[in-house]
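1. predicted structure and sequence below. I'll ask about it afterward.
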Amino acid sequence: MIQDLRSYVLDLPVFDVHEHHMPEILGNQDVGLIELFWQSYGGWTQARPYPLASETHFEDPMFASVGGGGWEEVARFVEHSGSNAFIRNLIRTLTDLYDVGEDSITPDNWERLDTEIRRRHRDGAWQSEVLDRARIDRIITDPFNDPLLDAHEALGERYCSVLRINALAFGWHPESLDHNGNSAHRFAQQIGHRLDSFDDYLAMLEVLMDTMGERHQIGLKNALAYDRSINFDDVDEELARQAWGQRDPTPEQRKAFGDVIVDRLCGLAGERDVPFQMHLGSAQIRGSHPMNAAGLIDRHPKTRFLLMHLAFPWSRDLLGLAFVYRNIWLDLTWSALLCPTYFKQSLHEAIEVLPDESRLMIGGDNWHVEETYGAIHLMRRLIGEVLQKKVDSGYFKPDDARRLARKILSENASQFFGEP
Ligand SMILES: [Zn+2]
């Protein structure tokens with residue numbers, strides 16, 4: 001009897017190419033049910049954790065203190081937002097991991113669940129146990145609260161990280177910050193690099209890249225879709241230089257500054273063969289369409305781009321790009337959590353359109369290990385269902401599907417990022 005693809009995918013080891021695991025959150029022992037909802041995509045159902053261009057005052061709800069607790073706060077997620085896919089996945093995950101004996105969170109069982117979550121979070125071994133249960137061997141994290149963190153040192157052997165470049169695209173003035181509050185001038189202090197001129201600043205980019213290995217950083221991460229448009233074209237270095245040192249440059253000067261820096265970093269990544277992760281879709285929704293990034297990808301054919309989230313909701317445009325530009329790989333992260341139905345349809349199409357089997361990778365894209373466990377389990381389930389359907393329809397043979405499954409879950413990422 002040939003093993004069903006669905007059960008085959010459930011057992012494979014995973015190389016998780018994208019998380020936001022960081023010490024501030026993973027190391028916090030005071031975590032209960034409400035914190036797990038707020039510090040997950042569940043929280044995004046209540047408040048967007050990044051400001052739109054029209055908004056000024058902003059506090060990331062993920063790091064704000066949460067209320068005193070009570071069923072009303074739980075019901076806000078599991079009832080008021082109970083139809084949302086992030087919430088469905090969290091409920092399924094928490095009732096499974098914490099073994100509450102029921103598959104829903106109710107007025108009768110939530111306190112028991114909360115107590116159990118608190119007990120396990122006081123145990124230093126819990127996170128590792130959850131990741132083992134999820135069969136995740138390696139993790140690339142994006143610790144955006146401290147972009148120069150050595151995640152391997154701080155979080156353990158399973159981890160390495162990417163260097164988030166957002167702050168670098170905003171570094172015209174010591175007080176200019178990205179949407180996470182990071183400052184490029186603080187990076188300069190951290191690495192002991194003096195910044196007296198724009199040329200010093202350009203030189204710092206090379207120093208940052210040359211020291212990535214010391215921090216166990218194995219790629220760059222561009223999440224600028226949360227800060228600005230991802231159109232980095234019309235690179236104008238003269239205009240960028242005009243922004244240098246100004247507290248309040250013009251919008252044109254700001255864009256030019258970011259364009260020059262991102263273009264420069266892509267060039268350096270190509271020369272050094274460092275992977276370049278990039279958030280596409282959603283975020284600042286008017287500027288995050290994948291076609292905006294086509295110019296950057298086109299100008300840097302030697303740079304290996306790992307484009308994220310199936311560019312939700314524009315996966316067909318992304319597949320069009322990935323067929324044309326052969327320096328594109330796809331990270332399926334987040335898209336399955338956002339919309340499982342969309343994910344399955346897009347995966348069917350991606351398998352058919354992409355030029356070879358090396359192009360797809362997975363991750364969780366979460367803050368707590370519980371949601372990571374749930375995200376990876378969900379992806380296993382959906383990938384298994386899609387592959388089984390492809391076999392049933394005669395698209396390819398079970399051996400072809402199993403080979404592709406192994407590649408998507410871990411082998412592609414190992415090859416793309418290299419062995420540790
Ligand atoms: Zn992410």
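-> In hand now; what should we look at?
2. can you tell me the closest non-neighbouring residue to Arg241?
-> Spatial nearest neighbour of Arg241, excluding adjacent residues (Cβ to Cβ, 6 or more residues apart in numbering): Phe198 at 5.2 Å. The C-beta positions use only the backbone N, C-alpha and C, and glycine is treated the same way.
3. so what's the residue count around the one you found?
-> Close neighbours of Phe198, defined as other Cβ atoms under 10 Å, add up to 19.
4. my guess is it contacts Gln246, does it?
-> No - the pair Phe198 / Gln246 is not scored as a contact, 11.3 Å apart, by Cβ atoms under 8 Å.
5. so how far is Arg228 from the residue nearest to Arg241?
-> Shown here: Phe198 relative to Arg228, a distance of 19 Å by Cβ to Cβ, to the nearest Å.
6. next: His348.
-> 33 Å.
7. neighbour-wise, which of the two wins?
-> With neighbours defined as other Cβ under 10 Å, His348 and Arg228 compare such that Arg228 has more, 23 against 16.
8. can you tell me the SS state at the more buried one?
-> coil (DSSP: H, G, I helix; E, B strand; the rest coil).
9. check contacts around it.
-> Neighbour list for Arg228: Ala169, Arg254, Lys255, Gly258, Gln284, Gly287 [criterion: Cβ atoms under 8 Å, 6 or more residues apart in numbering].
10. can you list the domains in the chain?
-> 5-29+126-417, 30-123 (automatic domain parsing).
11. please dump these into a markdown table; it should also carry mean pLDDT for every row.
-> Formatted as a markdown table, the domains of the chain follow (pLDDT from 0 to 100):
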| stretch | mean pLDDT |
| --- | --- |
| domain 5-29+126-417 | 97 |
| domain 30-123 | 89 |
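12. so which of these is the most surrounded?
-> domain 5-29+126-417 (a mean of 19; mean count of other Cβ atoms under 10 Å).
13. could you pull out the strands in the chain for me?
-> 14-19, 136-141, 159-164, 217-222, 276-279, 305-308, 328-331, 360-361 (DSSP state E).
14. would CSV of those with distance to Leu268 be doable?
-> Below are the strands of the chain laid out as CSV (distance: least, Cβ to Cβ, whole Å):
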stretch, distance to Leu268
strand 14-19, 21
strand 136-141, 19
strand 159-164, 11
strand 217-222, 9
strand 276-279, 10
strand 305-308, 14
strand 328-331, 19
strand 360-361, 23
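15. tell me which of these lies nearest to Trp367.
-> Closest approach to Trp367 among the strands of the chain is made by strand 14-19 (8.1 Å; Cβ to Cβ).
16. which strands and helices sit next to the closest one?
-> Strand 14-19 sits against strand 136-141, helix 369-392, helix 412-417, with contacts defined as 3 or more Cβ pairs under 8 Å, 6 or more residues apart in numbering; DSSP states H and E.
17. tell me which of the ones you listed sits nearest to Gly124.
-> helix 369-392 (12.5 Å).
18. check which helices and strands the closest one sits against.
-> helix 5-10, strand 14-19, helix 85-97, helix 126-133, helix 335-338, helix 340-353, helix 398-406.
19. relative to helix 340-353, how tilted is it?
-> 50 degrees (axes from the mean of the first three to the mean of the last three Cα atoms, to 10 degrees).
20. could I get helix 369-392 in PDB with only the CA atoms?
-> Output of helix 369-392 as PDB, limited to C-alpha atoms (Å, rounded to 0.1, in the frame of the first residue of the first chain):
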ATOM      1  CA  VAL A 369       6.500  28.900  19.200                       C
ATOM      2  CA  GLU A 370       2.800  27.900  19.600                       C
ATOM      3  CA  GLU A 371       1.800  29.800  16.500                       C
ATOM      4  CA  THR A 372       4.800  28.500  14.700                       C
ATOM      5  CA  TYR A 373       3.800  24.900  15.600                       C
ATOM      6  CA  GLY A 374       0.300  25.700  14.300                       C
ATOM      7  CA  ALA A 375       1.500  27.400  11.100                       C
ATOM      8  CA  ILE A 376       3.900  24.600  10.200                       C
ATOM      9  CA  HIS A 377       1.200  22.000  10.900                       C
ATOM     10  CA  LEU A 378      -1.300  23.900   8.700                       C
ATOM     11  CA  MET A 379       1.200  24.100   5.900                       C
ATOM     12  CA  ARG A 380       2.000  20.400   6.100                       C
ATOM     13  CA  ARG A 381      -1.700  19.700   5.900                       C
ATOM     14  CA  LEU A 382      -2.400  22.000   2.900                       C
ATOM     15  CA  ILE A 383       0.700  21.000   1.000                       C
ATOM     16  CA  GLY A 384      -0.200  17.300   1.500                       C
ATOM     17  CA  GLU A 385      -3.700  17.900   0.300                       C
ATOM     18  CA  VAL A 386      -2.500  19.800  -2.800                       C
ATOM     19  CA  LEU A 387       0.100  17.200  -3.700                       C
ATOM     20  CA  GLN A 388      -2.400  14.300  -3.200                       C
ATOM     21  CA  LYS A 389      -4.800  16.100  -5.500                       C
ATOM     22  CA  LYS A 390      -2.100  16.500  -8.100                       C
ATOM     23  CA  VAL A 391      -1.400  12.800  -7.900                       C
ATOM     24  CA  ASP A 392      -5.100  11.800  -8.000                       C
END
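21. now that helix and helix 126-133, what's the angle there?
-> Taking the same axes, to 10 degrees, helix 369-392 and helix 126-133 form an angle of 10 degrees between their directions.
22. any idea which of the helices and strands packed on helix 369-392 gets closest to Asp146?
-> Among those, strand 14-19 sits nearest to Asp146 (Cβ to Cβ), with 14.4 Å.
23. which residues are in contact with the closest one?
-> 134-142, 277, 306, 308, 331, 333-334, 361-366, 372, 376, 409-411, 413-414, 416-417.
24. cool, and stretch 382-390?
-> 4-10, 336, 340, 343-344, 347-348, 351, 362, 396, 401, 404-405, 408-409.
25. try 6 Å
-> Leu5, Arg6, Val9, Ala336, Pro340, Phe343, Lys344, Leu347, His348, Ala401, Ala405 (Cβ atoms under 6 Å, 6 or more residues apart in numbering).
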